[in-house]
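Peer 1: Fold the following.
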Amino acid sequence: MVRFVESLRITSLAEISRQFIPQVIFLTTGLENRPKISNNDQAIDDIMRNYPKTISITLFLLTTAIASADQMTYTISGTGSGYVDAQPFTNATFTLTEFADPATITNQTPSGPAAYSTQPSKQTLWVALNSVTISAATNATAFVNQTTSTAGIWQAGQPEILTVANPVFGNYDLSTGIGPVSGTTFAYASPIALENGQSIRFTSVSGVTFTAHREGNGSQLSTVSMTPSSGNVAPGASQTYTFVFADTLGATDLQGADILFQNPGQGNGSSTYDPVACWVYVNLATKSLSTYSNQKWSAAVPIGGSTLQGNECIVNTAGAAISTNQNQLSITLPVTFNPPASATLPWTVQAVAFNQNASTEYQKMGTVTVAPAAQPSFTLTATPNGPQALAPGPTPTSVSYTVNVVPSGGFNDEVTFSRLLVNNQDPNEFAVSFNPPTVTGAGSTTMTISTTASSLPISTYMPFLAKTGSGYWAQGQTGKIFVTNAAPAVAVSPGAGTGASQTIRVTATDPADALDISGVNLLIAPTLDGRNACWIYSDGRGLWLATDDGMSWMYAGALGSSTVATNSQCTIGGPSGSVTPDPKQTPPIQTLTLAIPVAFRPQFAGGKTVYVRASNFAALDSGYQTVGTWSVP
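Peer 2: Prediction:
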């Protein structure tokens, strides 16, 4: 058993995740052709729920047998020239590696600027030139000076030997993984005393990086973000995603990550369902990628290499990237999706990151909808969208609209505007012009509509058209246009009567359309005075009653509602009220009829005169007309 554990120890957890886990899934789900479920109702997430369980068991076996204390590894590497004793070396690759216990990290200047170092008497620094280890150097350790934002190597009792300056060291304390970090490099004349009796010193260096890596049992891993975390991608189009993970021991403590795009197809069990549609393994040690396709993992391809094929995707390693920032790891992947059919449901994206002793388990990171891109098109809008009024006759009157082209799907063609004649409209009834006559892509034009000598009282809409050279077109329409040359004619029914209450019917007839009528007033009073009267206003939908002093209006609800309004003279409103015609009724009806319930107060007794006034959207006003009398008992 010990030998078995030791053999597993040689294989990194990344390899176990990449090779061992899929085999377990195949066995537990009984898959034969590819890893999908087709004969049961298990949800997509249920499949992945088994993955981390397998990881956890494997980790438990490993850590039980091989757990060790926390250890920091600091590495400074680059190319340099100098001397080993009196023997010169030129442009040799060098590596300075220190293994340290994180518990020995101390602030060397606790009362001043932070400068952290491991304890020299407890560490060993190994020196290698051209990949050949020369010797160990005791009392030489890693340090970081937050004040100067530098990290490097120093030897007890000696000045600094080799340093790298970078702003990231301004808040780094040696206790977590970092790097590799490059920056401004300084090589000092101080030699490094080696245990074999020799010494090494550098006269020049280049390409120097500082790296720290922490291993141990105390790490806490987490998935941080996926960018973008949602959105649409067309099949065959590339989309770049960035995944961020965190490790409390430092990003360099992480060994690998799996990123999984799952295609739900038409639902669990459908022929297009694929829970491993695009499965990518990222090996952080070798900075390489592998994809899962046809029940096996591809050979690893270094970042910057060729493309990789998944079940339903292509991963472009040339555009991939891995970066670290202290505790956070970022993985950037350009992915092109090529599913066998467009999905109506969004794909689920899950990811897991792991180190030697722990795993985040698979966590949902986001969604992506893989569907064809919208075809280029456009729509039209016109403002203002409310009713407008014109006058017929020999003198033209005009109204202008702003017509906007609203593109979608990347539309950027030129469109030409024109009037659209419908329902046997007389082309001479209106003059219509567009300025400018064409627009390319998003833009606007001013449409001017003018009456002519042929114009008659009418209510209408003005349809218009925008068309591309290839024949694609879109249609728009203005709001209601009223052509009228007179104020509404008014009347009341009954024209006379006596009673404490009455539903009074007010009519207003417009030459163009009843919907052209903008307001109606009904005044029941001893004289033409709205004070201490029953003074009513309607816009054709609601009712208002004036206060006793005639200075403000009280809302009595919509005609036909149960809402009422009361002053000292009368109460108006109630369910017996009504309005005709229906605003949606066609063809146009010229007469508006308001049925207004009125109950008079006893203190308003006596003979009253009934007045009615109406106006339309052309600002033509009938003025108050005497239309009847009423006696309040």
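
Peer 1: what's in contact with stretch 545-553?
Peer 2: 529-537, 544, 554, 556, 565-570, 572-573 (CB atoms under 8 Å, 6 or more residues apart in numbering). In this view, the C-beta of every residue, glycine as well, is placed from N, C-alpha and C.

Peer 1: The closest residue to residue 459 other than its chain neighbours: neighbour count?
Peer 2: Leaving aside its sequence neighbours, residue 459 sits nearest to residue 513 (CB to CB, 6 or more residues apart in numbering; 3.3 Å). Counted with other CB atoms under 10 Å, residues neighbouring residue 513 total 26.

Peer 1: cool, and residue 383?
Peer 2: 12.

Peer 1: Check residue 404 too.
Peer 2: Neighbour number of residue 404 under other CB under 10 Å is 17.

Peer 1: Make 701 the starting number, not 1.
Peer 2: With the count now opening at 701, the last piece we talked about shows up as residue 1104.

Peer 1: partners of it in the sheet?
Peer 2: Counting by DSSP bridges, residue 1104 forms beta bridges with residue 1081, residue 1144.

Peer 1: can you pull the contacts of it?
Peer 2: Residue 1104 touches 1080, 1081, 1082, 1083, 1143, 1144, counting by CB under 8 Å, 6+ apart.

Peer 1: got a pLDDT number for residue 1001?
Peer 2: According to the predicted model, the pLDDT of residue 1001 comes to 93.

Peer 1: you'd agree it is up against residue 1008?
Peer 2: Yes - in this structure, residue 1001 is within contact of residue 1008 by CB atoms under 8 Å, at 5.8 Å.

Peer 1: Pull out the buried residues from the contacts of stretch 1245-1253.
Peer 2: 1230, 1232-1237, 1244, 1256, 1265, 1267, 1269-1270, 1272-1273 (16 or more other CB atoms under 10 Å).

Peer 1: Could you identify the most distant pair in the residues you listed?
Peer 2: 1232 and 1273 (19.7 Å; CB to CB).

Peer 1: Identify each buried residue in stretch 851-865, please.
Peer 2: Those would be 851, 852, 853, 854, 855, 860, 861, 862, 863, 864, 865, for stretch 851-865 by 16+ other CB under 10 Å.

Peer 1: where does the stretch 1101-1250 of the chain have low pLDDT?
Peer 2: Scanning the stretch 1101-1250 of the chain for pLDDT under 70 picks out 1123-1124.

Peer 1: Kindly report the domain assignment for this structure.
Peer 2: 702-764+919-1070, 771-915, 1077-1183, 1189-1332 (automatic domain parsing).

Peer 1: Quickly, which of these bottoms out on average pLDDT?
Peer 2: The bottom spot among the domains of the chain, by mean pLDDT, belongs to domain 702-764+919-1070, with a mean of 70.

Peer 1: what about the helices in this structure?
Peer 2: Using DSSP state H, the helices of the chain run over residues 702-710, 713-715, 721-729, 744-766.

Peer 1: now that we're looking at the residue lying closest to residue 785 once chain neighbours are set aside, how far away is residue 834 from it?
Peer 2: Among residues not flanking residue 785 along the chain, residue 898 sits closest, at 5.2 Å (CB to CB, 6+ apart). Residue 898 sits 7 Å away from residue 834, going by CB to CB, to the nearest Å.

Peer 1: now stretch 864-877, how far from the centre of its chain.
Peer 2: 34 Å (CA atoms, centre = their mean, to the nearest Å).

Peer 1: Quick one: end-to-end distance for it.
Peer 2: 16 Å (CA to CA, to the nearest Å).

Peer 1: for stretch 1082-1091, same thing?
Peer 2: Note: stretch 1082-1091 ends 21 Å apart using CA to CA.

Peer 1: for stretch 910-920, same thing?
Peer 2: So stretch 910-920: terminal residues 24 Å apart, CA to CA.

Peer 1: For stretch 874-882, buried residues please.
Peer 2: Per 16+ other CB under 10 Å, stretch 874-882 contains these buried residues: 874, 875, 876, 877, 878, 879, 881.

Peer 1: which residues touch the spatially closest residue to the fifth one that is not a sequence neighbour?
Peer 2: I take that to be residue 878. Computed as CB to CB, 6+ apart, the closest residue to residue 878 that is not its neighbour in sequence is residue 912, at 4.8 Å. By CB under 8 Å, 6+ apart, the residues touching residue 912 are 772, 773, 774, 775, 842, 874, 876, 877, 878, 879, 950, 952.

Peer 1: switch the cut-off to 6 Å
Peer 2: 774, 877, 878 (CB atoms under 6 Å, 6 or more residues apart in numbering).

Peer 1: Can you tell me which of those residues is nearest residue 1131?
Peer 2: The closest of the contacts of residue 912, once distances to residue 1131 are taken by CB to CB, is residue 878, at 75.0 Å.

Peer 1: So residue 1329 sits against residue 1196, correct?
Peer 2: Yes - assessed by CB atoms under 6 Å, residue 1329 is found in contact with residue 1196 at 4.9 Å.

Peer 1: Quick check: the residue nearest to residue 972 when sequence neighbours are not counted vs residue 973, distance?
Peer 2: Once flanking residues are discounted, residue 972 sits nearest to residue 965: 3.0 Å by CB to CB, 6+ apart. Separation of residue 965 from residue 973 (CB to CB) stands at 4 Å.

Peer 1: hang on, the earlier thing: neighbour count winner among residue 1001 and residue 1008?
Peer 2: residue 1008 (23 against 18).

Peer 1: what residues are up against the more buried one?
Peer 2: 991, 998, 1001, 1015.

Peer 1: Out of those, who's the most crowded?
Peer 2: In terms of neighbour count, residue 1015 stands highest of those at 24 neighbours, by other CB under 10 Å.

Peer 1: Which residue is the nearest non-sequential neighbour of that residue?
Peer 2: residue 1008 (4.5 Å).

Peer 1: Please apply the same query to residue 830.
Peer 2: Closest to residue 830 by CB to CB, 6+ apart is residue 792, at 5.1 Å.

Peer 1: Would you agree that neighbour is in contact with residue 828?
Peer 2: No - using CB under 6 Å as the test, residue 792 is too far from residue 828 to be in contact (9.7 Å).

Peer 1: measure residue 933 to residue 1011 for me?
Peer 2: 16 Å.

Peer 1: try residue 947
Peer 2: 29 Å.

Peer 1: Neighbour count for those two, which is higher?
Peer 2: Neighbours were counted for residue 947 and for residue 1011 using other CB under 10 Å; residue 947 has more, 27 against 23.

Peer 1: From residue 995, how far off is the nearest residue to that one once chain neighbours are set aside?
Peer 2: Distances taken as CB to CB, 6+ apart place residue 953 nearest to residue 947, at 4.7 Å, with adjacent residues excluded. Using CB to CB, residue 953 is found at 32 Å from residue 995.

Peer 1: Equivalent analysis for residue 921, please.
Peer 2: For residue 921 relative to residue 995 (CB to CB), the value is 28 Å.

Peer 1: more crowded one of those two?
Peer 2: Under the criterion of other CB under 10 Å, the comparison of residue 921 against residue 995 puts residue 921 first, with 21 against 15.

Peer 1: ok, the nearest residue to that one once chain neighbours are set aside - contacts?
Peer 2: Of all residues not flanking residue 921 in the chain, residue 1060 sits nearest, at 4.6 Å (CB to CB, 6+ apart). Residue 1060 sits next to 921, 923, 1052, 1053 when contact means CB under 6 Å, 6+ apart.

Peer 1: Out of the residues you listed, which is nearest to residue 1138?
Peer 2: Among the contacts of residue 1060, and counting by CB to CB, the member closest to residue 1138 is residue 923, at 51.7 Å.

Peer 1: Which neighbours in the sheet does the top strand by length along the chain have, and how are they oriented?
Peer 2: When the chain is parsed with DSSP state E, its longest strand is strand 899-915. Partners of strand 899-915 in the sheet, by DSSP bridges, are strand 771-784 (antiparallel), strand 878-882 (antiparallel), strand 892-893 (antiparallel).
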